[in-house]
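Peer 1: Predicted structure and sequence below. I'll ask about it afterward.
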Amino acid sequence: MDESFDRAPGAGRTRNVLADPNNTTAAADGGDAKGTLFNQREPLRQPRTSPPYGDNNISAADVMAGGNFKRQQSANANSTPASRGFNEVDSVVKSSKLSASAPEFVPSAVNPYEDPSFYDDDDDETYYGEPTLAETVADFLGHLSSSPGSFELDVEPITGMLNSWVTTEELLNELVELIYTQSTAIPNFAYTGARLCNYLSHHLHVSPPSGNFRQLLLKRCQTEFQQRDAAVGGDPETQKKFHSYVLFLGELYLNLEVKSVKGPPNRADILLIALKDLMNSLLSKPVDANLICAVKLLKLTGSILDDAWKESGKPHMEELIQRIETILLDATCSRDVRQMLLKLVELRSSDWGRVRAAAADSNATPDNDPNYFMNEPTFYTEDGTPFTAADPEYAEKYQEILDRQDYFHDLDGENGNESELYDSEDEMEPEMEEAFESFCLETERKRKQ
């Protein structure tokens, strides 16, 4: 065995030994050529950017220790242009006459004059100036549409703003058109729009010779009313706009109040006549969309229209119901629309689902007063089943309760009153009294001992 063999753990297995390209001893001694080739490394690639100048001050001893003096010379050679560039920039900065406190620089070829008309464009004025009436109306109508519950709180400041803004006939006509358009275009806004129109008709101050707010609004509605025959047979978009107008007019009839000289305010009778004609126009073209609009209108205003026509002695409601019944027999409407018409006829036959005022106490009976049994008590049978006076078997069950009460009353009468019954139970027989006395004496004697 070789005496020079190193028995230390890991000896001779170091892989990170720097391979000397001039060292051929291992190969000459018959060493492993493959291992020598594995340990040999290529020189490092030169960096693309030179390191800072201070990092280039490497001592000769460090370079010789690394075993690559030529590489260090090439690194120093590459750093020479960088240091030269730093020196050139430093010299330019020192010789510059620019100052941070210098006034604004304006090239001689630029004209400092600005045309004032450039800022007088209509678009810029609209963007930077006051909002228009259309924008303001659209904003507060959108607010009322999203928050209808705040109508009572918001309508007064809105009216105050409009009073300060709308002061001419032209602006009043624009306001009427804006409110009408939004009330018929925004879904489910007809009711709130009608309430707003009623409030403005009483609190808007401007009243030009052409008419006040209410009069101009009715004129606008009349313009749409005159096109009803063409609208019911138009394209779907035209029909949709016309149906929105019809429902808005129904809400307007319910909410618009006209002051009277004496007594409370009344509804606008001109709208009552218009609603009858609109219903006839819708039923004259019995397609699904028109019939649905007619059903919605009668559900909304049917009871009020019926009462108003009955007071004036006009059979308009009967005529409309007869036309609907004829449509049910002859028209080729869809099954769902036919069902809606049937429900409407049933609703009218039940007086539009209304419950009249309860009869007087002296004349009230279960037949003429639906609230006859409202205040009657509720009883329970032995098995816990509740029953009231409206129960068909009420009399029989109630008599059983009375009989049961009489039975217990008779039982109490035979045995005396309740106190006497308890007193008789509390009395002890002589033997029990004697036993109790002896028990007490025995207890006392044991206590003294």
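Peer 2: Okay, I see it. Numbers count the residues shown, from 1 in each chain.
Peer 1: What number of residues are in the vicinity of C221?
Peer 2: Using other C-beta atoms under 10 Å, C221 has 19 neighbouring residues. (Each C-beta comes from the backbone N, C-alpha and C, glycine too.)
Peer 1: ah, wrong one, I meant S303
Peer 2: If you count neighbours by other C-beta under 10 Å, S303 ends up with 17.
Peer 1: Ok, the one 4 residues further on next?
Peer 2: Other residues near D307 come to 13 when the count uses other C-beta under 10 Å.
Peer 1: Using the three-state scheme, assign it.
Peer 2: helix (DSSP: H, G, I helix; E, B strand; the rest coil).
Peer 1: And it, how far from D351?
Peer 2: Using C-beta to C-beta, to the nearest Å, D307 is found at 10 Å from D351.
Peer 1: now swap in T132 and tell me
Peer 2: Counting by C-beta to C-beta, the gap from T132 to D351 is 49 Å.
Peer 1: would you list every one of the helices in the stretch 51-200 of the chain?
Peer 2: 60-66, 69-95, 122-128, 133-146, 151-165, 169-185, 190-203 (DSSP state H, counting those that start in this stretch).
Peer 1: how about the strands in the stretch 251-400 of the chain?
Peer 2: Secondary structure of the stretch 251-400 of the chain (DSSP state E, counting those that start in this stretch): strands at 257-258, 266-267, 379-380, 386-387.
Peer 1: quick one, domains of the chain?
Peer 2: Taking automatic domain parsing as the domain assignment, the ranges for the chain are 128-288, 379-442.
Peer 1: where does this protein dip in pLDDT?
Peer 2: Across the chain, the ranges flagged by pLDDT under 70 are 1-90, 92-94, 104-129, 331, 356-395, 397-398, 401-402, 404-428.
Peer 1: one more time with 80, if that's ok
Peer 2: 1-130, 187, 260-263, 330-332, 355-430, 449 (pLDDT under 80).
Peer 1: can you list the domains of the chain in CSV and add distance to A102?
Peer 2: Listed next are the domains of the chain as CSV, based on distance: least, C-beta to C-beta, whole Å:
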stretch, distance to A102
domain 128-288, 33
domain 379-442, 98
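Peer 1: Tell me which of these sits most buried.
Peer 2: Of the domains of the chain, the one with the most neighbours on average (mean count of other C-beta atoms under 10 Å) is domain 128-288, at a mean of 16.
Peer 1: CA atoms only for the host helix or strand of Y245, dumped as CSV, please.
Peer 2: Per DSSP states H and E, Y245 falls inside helix 236-255. Output of helix 236-255 as CSV, limited to C-alpha atoms (Å, rounded to 0.1, in the frame of the first residue of the first chain):
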residue,chain,number,x,y,z
PRO,A,236,-93.6,48.1,-31.3
GLU,A,237,-91.4,51.1,-30.3
THR,A,238,-94.2,53.5,-31.1
GLN,A,239,-96.7,51.4,-29.1
LYS,A,240,-94.4,51.3,-26.2
LYS,A,241,-94.1,55.1,-26.0
PHE,A,242,-97.8,55.5,-26.4
HIS,A,243,-98.5,53.0,-23.6
SER,A,244,-96.2,54.9,-21.3
TYR,A,245,-98.1,58.0,-22.1
VAL,A,246,-101.4,56.3,-21.3
LEU,A,247,-100.3,55.1,-17.9
PHE,A,248,-98.8,58.6,-17.1
LEU,A,249,-102.1,60.2,-18.0
GLY,A,250,-103.9,57.8,-15.7
GLU,A,251,-101.6,58.8,-12.8
LEU,A,252,-102.0,62.4,-13.7
TYR,A,253,-105.8,62.0,-13.4
LEU,A,254,-105.5,60.5,-10.0
ASN,A,255,-103.0,63.0,-8.6
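Peer 1: Does anything pack onto it? Which helices or strands?
Peer 2: helix 169-185, helix 190-203, helix 213-225, helix 228-232, helix 269-284, helix 288-311 (3 or more C-beta pairs under 8 Å, 6 or more residues apart in numbering; DSSP states H and E).
Peer 1: Tell me which of those helices sits nearest to M340.
Peer 2: Nearest to M340 among those is helix 288-311 (5.0 Å), distances taken as C-beta to C-beta.
Peer 1: quick one, what contacts the closest residue to N255 other than its chain neighbours?
Peer 2: Nearest residue to N255, sequence neighbours excluded (C-beta to C-beta, 6 or more residues apart in numbering): A194, at 4.2 Å. Applying C-beta atoms under 8 Å, 6 or more residues apart in numbering to A194 gives the contacts S183, F248, E251, L252, L254, N255, L256.
Peer 1: Please apply the same query to S145.
Peer 2: I186, N188, F189, T192.
Peer 1: ok, of the residues you listed, which one's closest to E318?
Peer 2: Of the contacts of S145, the one sitting nearest to E318 (C-beta to C-beta) turns out to be N188, at 31.3 Å.
Peer 1: Now the closest one: closest residue in space that isn't a chain neighbour?
Peer 2: N188 sits nearest to S145 (C-beta to C-beta, 6+ apart), 7.9 Å away.
Peer 1: any idea how far L300 is from that neighbour?
Peer 2: Distance, S145 to L300, by C-beta to C-beta: 19 Å.
Peer 1: quick one: which of the domains of the chain is nearest D336?
Peer 2: Using C-beta to C-beta, the domains of the chain put domain 128-288 closest to D336, at 8.3 Å.
Peer 1: Check whether L275 really touches T301, as I assumed.
Peer 2: Yes: between L275 and T301 a contact is recorded at 6.6 Å, counting by C-beta atoms under 8 Å.
Peer 1: List the residues that contact the closest residue to M317 other than its chain neighbours.
Peer 2: Spatial nearest neighbour of M317, excluding adjacent residues (C-beta to C-beta, 6+ apart): D306 at 4.6 Å. Residues counted as contacts of D306 (C-beta under 8 Å, 6+ apart) are M317, R348, W352.
Peer 1: Turn those into TSV, columns for distance to E177.
Peer 2: Output for the contacts of D306, formatted as TSV (distance: C-beta to C-beta, whole Å):
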residue	distance to E177
M317	33
R348	36
W352	35
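Peer 1: Going by distance to D330, which of those wins?
Peer 2: Nearest to D330 among those is R348, at 19.7 Å by C-beta to C-beta.
Peer 1: What separation is there between that closest one and K262?
Peer 2: From R348 across to K262, the span is 33 Å (C-beta to C-beta).
Peer 1: ok, now A134?
Peer 2: 40 Å.
Peer 1: Likewise for S207?
Peer 2: Per C-beta to C-beta, S207 is found 22 Å from K262.
Peer 1: go on, P103?
Peer 2: Note on P103: its distance to K262, by C-beta to C-beta, is 82 Å.
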